[in-house]
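Turn this into a model:
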Amino acid sequence: MPSTRSIRPVDRAPALALKQTLKMARSAHAYVRGSTVQFYAWLEAQKRGTLPEGPAIWICGDCHAGNLGPVAGIDGRIDIQIRDFDQTVIGNPAHDLIRLALSLATASRGSDLPGVTTARILEQVIDGYQAALRHDADTIEDAPDTVQIVMKQSVGRSWKALAKERLEDPKPTIPLGTKFWPLARTERDQIEQLWETPALRHLATSLRSREDDAPVEVLDAAYWMKGCSSLGLLRFAVLLGIGKGKKRDLALMDVKEAVVAAAPRYARGKMPKDNAQRVVEGARHLSPHLGNRMEAGSIGKRSVFIRELLPQDLKIEIDRLTTKQAMKAASFLAGVVGKAHARQMDKATRQRWIKELERHRSRTLDAPSWLWSSVVALIGKHEVAYLEHCRRYASQNAAA
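Model prediction:
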């Protein structure tokens, strides 16, 4: 197996497969985050009427807790919003709720919290989500400590902090190593051509008071080994120089391939046929701070979406939680998702959706039975699949 240092383009696939296997074997929570296809297969298998059917709106499609976090807008404001849209579709908003509840419940189990806490988490998910639909969800000041800490870090971060974290070097180069791998010559040429298009030049100059007609130069670019859930797809980090002389500014751009979403969608929902345009459109509806900083393009015949990485963009990492932290995180993060959904609905639609969510309330649990049964079934399926994944990973290592 090739080393993860200076991976050649022809060696990317096996190196990424190994990294993905290792990452998903670390914990059941990590496995849930990386096994979206299994989640969608379960959704597709549910009989009509088992889950509430919400209005046809843009949903995240992969709404686990790690895909939420602080995001900076073009105007510099920062808010907690959804931050990943590979799977965004016009679909059933209940799917986002179930995905979020599953990730929070798995994090709770990984923190060795009692099973009753999982039940309370689901209550908080519904309460926080419905509060957002009523426009009275918690504010940032009421966020759990884990979220407030990330927000404070986000507000105070600079370009140097971003360079140190992402590039490990504030100089205008992308150092090759474990994260960044060399490009094929054709890839470098295609990236150069990408920033010759008016839309991408405008994206590069739209932030930080840059002049509209400032020259844009590709200083460096590399394949970016990030996440590994998009195995085999293009992912590039591109360092741009914008302007000249003392006015030259640096920008780190994230270029990611878009493919057909696996998330279930409503047949009646009209979405762009181009997958990168679908991603950008979904982001603009669900997370305006991020969506308005994104643009669709193409590298060769492959559709890609592009955004500038800002120092303020961070993800919320939920590892070890107390019962109190788990409850507060569930309510707050569900409120974030609720706001993203609610901005796409008028008042009457929100009221109908709140009423639909109340179906099948339990006498002993202040959360709908459909949510409880969904999360319990999914935890069971994912736990079995996670242990099988670990067994295969251990066998592969023993044979290596």
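
The longest helix along the chain - contacts with which helices or strands?
In the chain, taking DSSP state H as the definition, the longest helix is helix 369-399. Secondary-structure packing of helix 369-399 (3 or more C-beta pairs under 8 Å, 6 or more residues apart in numbering; DSSP states H and E): helix 12-24, helix 28-34, helix 36-45, helix 93-110, helix 115-133. Backbone N, C-alpha and C define where each C-beta goes, glycine included.

Break this structure down into its structural domains.
The record's domain parsing of the chain by automatic domain parsing lists 27-155+318-399, 159-309.

Need these in CSV (columns: distance to Gln20 and mean pLDDT).
CSV is the format used below for those (distance: least, C-beta to C-beta, whole Å; pLDDT from 0 to 100):
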stretch, distance to Gln20, mean pLDDT
domain 27-155+318-399, 7, 83
domain 159-309, 4, 87
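
Now Asp79: closest residue in space, sequence neighbours ignored.
His289 (5.8 Å; C-beta to C-beta, 6 or more residues apart in numbering).

what are the phi and psi angles of Ile57?
As for Ile57, its main-chain torsions (degrees, to the nearest 10) stand at phi -130, psi 170.

Would you mind measuring from it to Ser108?
28 Å (C-beta to C-beta, to the nearest Å).

likewise Lys270?
38 Å.

Arg33 too?
14 Å.

now do Asp366
17 Å.

Neighbour count for those two, which is higher?
Ser108 (25 against 14; other C-beta atoms under 10 Å).

I'd like to know how far that one sits from Ser209.
44 Å.

does Asp254 count as helix, strand or coil?
State at Asp254, reduced to three classes by DSSP: H, G, I helix; E, B strand; the rest coil: strand.

got it, and Ile191?
helix.

Now it: closest residue in space that isn't a chain neighbour?
Nearest one to Ile191, counting by C-beta to C-beta, 6+ apart, is Ala221 at 5.0 Å.

can you check Cys390 too?
That would be Ala25: by C-beta to C-beta, 6+ apart, it lies 5.1 Å from Cys390.

hang on, that neighbour packs against His389?
Yes - applying C-beta atoms under 8 Å, one finds Ala25 in contact with His389, separated by 6.1 Å.

So which bits of stretch 274-282 are buried?
275-282 (16 or more other C-beta atoms under 10 Å).

my bad, should have said stretch 7-16
For stretch 7-16, using 16+ other C-beta under 10 Å, the buried residues are 7, 12, 15-16.

about what we covered before: which one of the buried residues of stretch 274-282 is nearest to Leu183?
Within these, proximity to Leu183 (C-beta to C-beta) peaks at Ala276, which comes in at 19.6 Å.

Please, where are all the strands along this protein?
Listed in chain order, the strands of the chain (DSSP state E) span 57-59, 68-72, 78-82, 89-91, 180-181, 216-224, 235-242, 249-257, 294-299, 302-309.

Please identify which of the ones you listed is closest to His341.
Of the strands of the chain, nearest to His341 by C-beta to C-beta is strand 57-59, at 6.0 Å.

Name the strands paired with that closest one and say parallel or antiparallel.
The strands beside strand 57-59 in its sheet (DSSP bridges) come out as strand 89-91 (antiparallel).

which residues are contacting the strand it pairs with?
The contact list for strand 89-91 (C-beta atoms under 8 Å, 6 or more residues apart in numbering) reads 56-59, 61, 261, 263-266, 269-271, 278, 282.

how about a cut-off of 7 Å?
56-59, 61, 261, 263-266, 269, 271 (C-beta atoms under 7 Å, 6 or more residues apart in numbering).

Quick check on those residues: which are buried?
Judged by 16+ other C-beta under 10 Å, buried ones among the contacts of strand 89-91: 56-59, 61, 261, 263-266, 271.

Convert stretch 189-202 to CSV, retaining C-alpha atoms only.
Extracted in CSV, the C-alpha atoms of stretch 189-202 (Å, rounded to 0.1, in the frame of the first residue of the first chain):
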residue,chain,number,x,y,z
ASP,A,189,-4.1,23.1,-16.5
GLN,A,190,-7.9,22.6,-15.9
ILE,A,191,-7.7,24.4,-12.6
GLU,A,192,-5.9,27.3,-14.3
GLN,A,193,-8.7,27.4,-16.9
LEU,A,194,-11.4,27.4,-14.1
TRP,A,195,-10.4,30.8,-12.9
GLU,A,196,-10.5,32.3,-16.4
THR,A,197,-14.3,32.1,-16.3
PRO,A,198,-16.1,35.3,-15.2
ALA,A,199,-18.2,33.5,-12.5
LEU,A,200,-15.1,32.2,-10.8
ARG,A,201,-13.2,35.4,-11.1
HIS,A,202,-16.1,37.2,-9.5
